[in-house]
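Novice: Predicted model and sequence follow; I will ask about them next.
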Number of protein chains: 2
Amino acid sequence: MGRAHMKYLANGEVEGAELAAVCESFPPNLERARKSLPDRVACFSEPEAMFKSGTIDAILIATPHYFHPELAIAGFEHGLHVLTEKPAGVYTKQVRLMNEAAAKSGKVFGIMYNLRLLGLYKKLKDLVDTGELGEIRRTSWIITDWYRKQSYYDSGAWRGTWAGEGGGVLLNQDPHQLDLWQWTIGMMPKRVRAFCAFGKHRNIEVEDAVTAYVEYENGATGVFVTTTGEAPGTNRYEVAGDRGKVVIEDGKLVFWRLRIPEPQFNRENRPGDPEAWKIEIPVKEGSSDHMPITQNWVDAILHGIPLIAPGEEGIKGLTLSNAMYLSTWLNDWVELPIDEDLYYEKLQEMIDKSKRGESH
Amino acid sequence: MGRAHMKYLANGEVEGAELAAVCESFPPNLERARKSLPDRVACFSEPEAMFKSGTIDAILIATPHYFHPELAIAGFEHGLHVLTEKPAGVYTKQVRLMNEAAAKSGKVFGIMYNLRLLGLYKKLKDLVDTGELGEIRRTSWIITDWYRKQSYYDSGAWRGTWAGEGGGVLLNQDPHQLDLWQWTIGMMPKRVRAFCAFGKHRNIEVEDAVTAYVEYENGATGVFVTTTGEAPGTNRYEVAGDRGKVVIEDGKLVFWRLRIPEPQFNRENRPGDPEAWKIEIPVKEGSSDHMPITQNWVDAILHGIPLIAPGEEGIKGLTLSNAMYLSTWLNDWVELPIDEDLYYEKLQEMIDKSKRGESH
């Protein structure tokens, strides 16, 4: 991912930004970068050296998950603006510290939630924010089209391990959906009961299949189902409100709009069922490219434009996945916000037992 | 429902069957039936009197749920064949006794699972039985198109009560789906974790919204989501196997068929994702009328034709709903088969607290 970011920045595609330096700890990759870049771009093998170099104003972090918060914190401490890849980190304790460092620094902090740019999700958020859908009652996201073979997990010793990645499908494939699930409806669950299956379809330590049930403060309920072991998968997101229902599937958003809100229909005891208009809402496709998120972050730095994906919001999606693991490990409900120390402790137990990958 | 059965039987629509008697305990209804029927049809207000009358060979039971098993058992004891409306009963302890009485009697025992006649579900069962779908891995049924207003629950003192009906949406609206969920795939879950919400959308004692998560013996998982409080609801049944996926929605069955089964594709580490053909399987519509189930039962009695819905299978769907309540009340997993005594005890607690309806 870092290579893609480097490329569009080196090409000058982001207005107002200049690629001043890159940092890469793996020597062959650094060498390759050096060869592909103009001489004016400084190359570093140690983040600290780059942060202190005085040649940069801002950093874009694209490393294994575990390093996102520690690099971001170091960046803020050096007075740099930060844009981090998702997920925000592996455990919320670390990410909360990152958020605190960001707040203290006053620098611009973004996260690479590029799917927030997709018309489908923007439109759903719009329907919720403007009250078209009414009070949210039920959500259901079946996102199982992440097919991964054993060879994918075998392609790096860190993959599929607690020590190396800190999670499976939730942390590697689902960060966007976990973000959008809360961003589109503007609500986080208040409690979670989840069922993660570890190494079910593949020979890995981490989870490759999850079903989670959640309850929201307003009484709404939700289901999130995901796996890397299914072909062909499903990607279907359904949100029911008291003024209708939205289904996003196959690149389309369909809105069933009630002429009379359900509570009123019930109260007035009108005959039959509420009339629902099936509406195909026009959706501007939008781009799910990463570059526009980087552009928006640069615009925020230079011109004070609001961020599409503030970095502080990365903790939300991560809280959802942390809660799902914790619920599975405890075989019980998990209330939000989660007990971040308990989660860290449990994760550490997994890392200690981890057979492969780097350790932290 | 009893009136509809009476009508087609009185009209001679069921070949080989003759309506010889009716039994109705509510005098105005009995009087109305008497007036509408030919004189040769005997009318009773007490089941026992009808059973002993010698005028009948078989009974069709269409009463409140609680009475199905006790009437069936009495019928078997009088040497009568029995066809019962669904659900089989309210608690499995009672239904097991009914099944034992049926076995002991040697009489033909059917249950009114008329949705087994629908082409969509027959075809899915066919795809599973013939191995087209492969090993089942995941099921998901979102069945929320049961919109009921408060006025529905207020239309009878027994409605929405533990004493009167013994359950809500699971027992009154979902018996067909709970049957089809296991019948189509030929598997019952081995354990259930469910979340029933009681009186959430309506002023009732029983559940009007449920999310259930299940695990099957072979490692497959499933989700069942239902409510009477949503408009417009969803009815979408998805089954993923290791040879593809079926989705039944909007009266259509779509089969995504893998050219190479997923486990083989993974083992051979073939490039990309498995090729899936999207196929609209032709489905004979079939009738979901009740009459053909009655005809089949009569044919079974007279000619030994196999039953489409053997009465003994009614315990399966009921076990699923009983397990969902129990899991909610215990706030824990429930293993199948459930502890029928514990369930009966818990149900009794609910009935004892019940404010409305008849008591049993």
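Specialist: It's in.

Novice: now the end-to-end length of stretch A:142-162.
Specialist: 25 Å (Cα to Cα, to the nearest Å).

Novice: And chain B, is that stretch touching that?
Specialist: Yes - Stretch A:142-162 reaches chain B (Cβ under 8 Å from any Cβ of the partner chain) through A:Ile142, A:Thr144, A:Tyr147, A:Lys149, A:Gln150, A:Ser151. Yep, even glycine has a C-beta here, placed from its N, CA and C like the rest.

Novice: Tell me how many other residues surround the nearest residue to A:Ile61 once chain neighbours are set aside.
Specialist: Counting by Cβ to Cβ, 6 or more residues apart in numbering or on different chains, A:Thr84 is the residue found nearest to A:Ile61 once chain neighbours are left out, at 4.4 Å. Residues lying near A:Thr84 (other Cβ atoms under 10 Å in any protein chain shown) number 28.

Novice: And for A:Lys252?
Specialist: Neighbours around A:Lys252, by other Cβ under 10 Å: 11.

Novice: again with A:Tyr8
Specialist: Neighbours of A:Tyr8 under the rule other Cβ under 10 Å: 17.

Novice: One more: the one 5 residues further on?
Specialist: Residues contacting A:Glu13 under the criterion other Cβ under 10 Å number 14.

Novice: What of the one 4 residues further on?
Specialist: The local packing of A:Ala17 (other Cβ under 10 Å) involves 20 other residues.

Novice: residues contacting it?
Specialist: A:Leu9, A:Ala58, A:Thr294, A:Gln295, A:Val298 (Cβ atoms under 8 Å, 6 or more residues apart in numbering or on different chains).

Novice: Any figure for the gap between A:Tyr216 and chain B?
Specialist: Going from A:Tyr216 to chain B by Cβ to the nearest Cβ, to the nearest Å gives 12 Å.

Novice: what does A:Ile59 give?
Specialist: 35 Å.

Novice: hang on, isn't A:Phe198 packed against A:Glu207?
Specialist: Yes - under the criterion of Cβ atoms under 8 Å, A:Phe198 makes contact with A:Glu207 at 5.1 Å.

Novice: ok, the two, which is more surrounded?
Specialist: A:Glu207 (26 against 18).

Novice: quick one: pLDDT of that one?
Specialist: At A:Glu207, the pLDDT value in this model is 98.

Novice: Show me just the buried residues among the residues of stretch A:142-162 next to chain B.
Specialist: A:Ile142, A:Thr144, A:Tyr147, A:Lys149 (16 or more other Cβ atoms under 10 Å in any protein chain shown).

Novice: ok, and the first one, which helix or strand is that part of?
Specialist: Which is A:Ile142. strand A:136-143 (DSSP states H and E).

Novice: dump the residue contacts of the residue nearest to A:Ile61.
Specialist: Per Cβ under 8 Å, 6+ apart, neighbours of A:Thr84: A:Leu60, A:Ile61, A:His68, A:Leu71, A:Ala72, A:Phe109, A:Gly110, A:Ile111, A:Met112, A:Gly311, A:Gly314.

Novice: all strands in the stretch 151-300 of chain A, in order from the N-terminus.
Specialist: With strands called from DSSP state E, counting those that start in this stretch, the stretch 151-300 of chain A shows them at A:189-198, A:207-216, A:221-227, A:235-241, A:244-249, A:252-258, A:276-280.

Novice: Those strands into TSV, with extra columns for distance to B:Pro47?
Specialist: Converted to TSV, the strands of the stretch 151-300 of chain A look like this (distance: least, Cβ to Cβ, whole Å):
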stretch	distance to B:Pro47
strand A:189-198	44
strand A:207-216	43
strand A:221-227	42
strand A:235-241	43
strand A:244-249	45
strand A:252-258	45
strand A:276-280	43
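
Novice: Need the max-distance pair from the contacts of A:Ala17.
Specialist: A:Ala58 and A:Gln295 (12.7 Å; Cβ to Cβ).

Novice: what's the average pLDDT for stretch A:324-339?
Specialist: In the prediction, stretch A:324-339 has an average pLDDT of 98.

Novice: Which positions in the stretch 101-250 of chain A make contact with chain B?
Specialist: So the stretch 101-250 of chain A meets chain B at A:137-138, A:140, A:142, A:144, A:147, A:149-151, A:193, A:195, A:197, A:200, A:202, A:209, A:211, A:213, A:215, A:219, A:221, A:223, A:225, A:227, A:229-232, A:234, A:238, A:240, A:244-245, A:247 (Cβ under 8 Å from any Cβ).

Novice: Derive a PyMOL selection command for the buried subset of the residues you listed.
Specialist: Buried members of these can be picked out in PyMOL with the line below, counting by 16+ other Cβ under 10 Å:
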select buried, chain A and resi 137+138+140+142+144+147+149+193+195+197+200+202+209+211+213+215+221+223+225+227+229+230+231+232+234+238+240+244+245+247
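
Novice: Just name whatever secondary elements the strand holding A:Ile142 is in contact with.
Specialist: Identification of packing neighbours for strand A:136-143 by 3 or more Cβ pairs under 8 Å, 6 or more residues apart in numbering or on different chains; DSSP states H and E yields helix A:175-183, strand A:221-227, strand A:235-241, strand B:221-227.

Novice: Name every strand pairing with it and say which way it goes.
Specialist: Each strand paired with strand A:136-143, and its direction, by DSSP bridges: strand A:221-227 (parallel), strand A:235-241 (antiparallel).

Novice: how about those, which one is nearest A:Ile185?
Specialist: strand A:235-241 (6.2 Å).

Novice: what comes into contact with that closest one?
Specialist: A:124, A:128, A:133-145, A:177, A:180-181, A:184-185, A:245-249, B:142, B:144, B:230, B:234.

Novice: between it and strand A:244-249, how big is the angle?
Specialist: For strand A:235-241 against strand A:244-249, the angle between stretch directions is 170 degrees (axes from the mean of the first three to the mean of the last three Cα atoms, to 10 degrees).

Novice: Now for A:Gly2, how many residues are close by?
Specialist: Using other Cβ under 10 Å: A:Gly2 sits among 16 other residues.

Novice: okay, now the residue lying closest to it once chain neighbours are set aside: neighbour count?
Specialist: Leaving aside its sequence neighbours, A:Gly2 sits nearest to A:Ala62 (Cβ to Cβ, 6+ apart; 3.6 Å). Residue neighbour count, defined by other Cβ under 10 Å, stands at 19 for A:Ala62.

Novice: so A:Ala62 makes contact with A:Leu9?
Specialist: No - A:Ala62 lies out of contact with A:Leu9 (Cβ under 8 Å); the separation is 11.3 Å.

Novice: anything in contact with each of the two?
Specialist: With Cβ under 8 Å, 6+ apart, A:Ala62 and A:Leu9 have no common neighbours.

Novice: before we move on, the earlier item: and for A:Phe198 and A:Glu207, which residues touch both?
Specialist: With Cβ under 8 Å, 6+ apart as the test, A:Phe198 and A:Glu207 both reach A:Gly168.

Novice: Regarding the residue lying closest to A:Pro263 once chain neighbours are set aside, what are the backbone dihedral angles?
Specialist: Nearest residue to A:Pro263 in three dimensions, chain neighbours excluded: A:Asp242, at 5.6 Å (Cβ to Cβ, 6+ apart). Here is the backbone geometry of A:Asp242 (degrees, to the nearest 10): phi -90, psi 10.

Novice: Who are the contact partners of A:Asp242?
Specialist: Applying Cβ under 8 Å, 6+ apart, the residues near A:Asp242 are A:Gly134, A:Glu135, A:Arg137, A:Leu258, A:Pro261, A:Glu262, A:Pro263.
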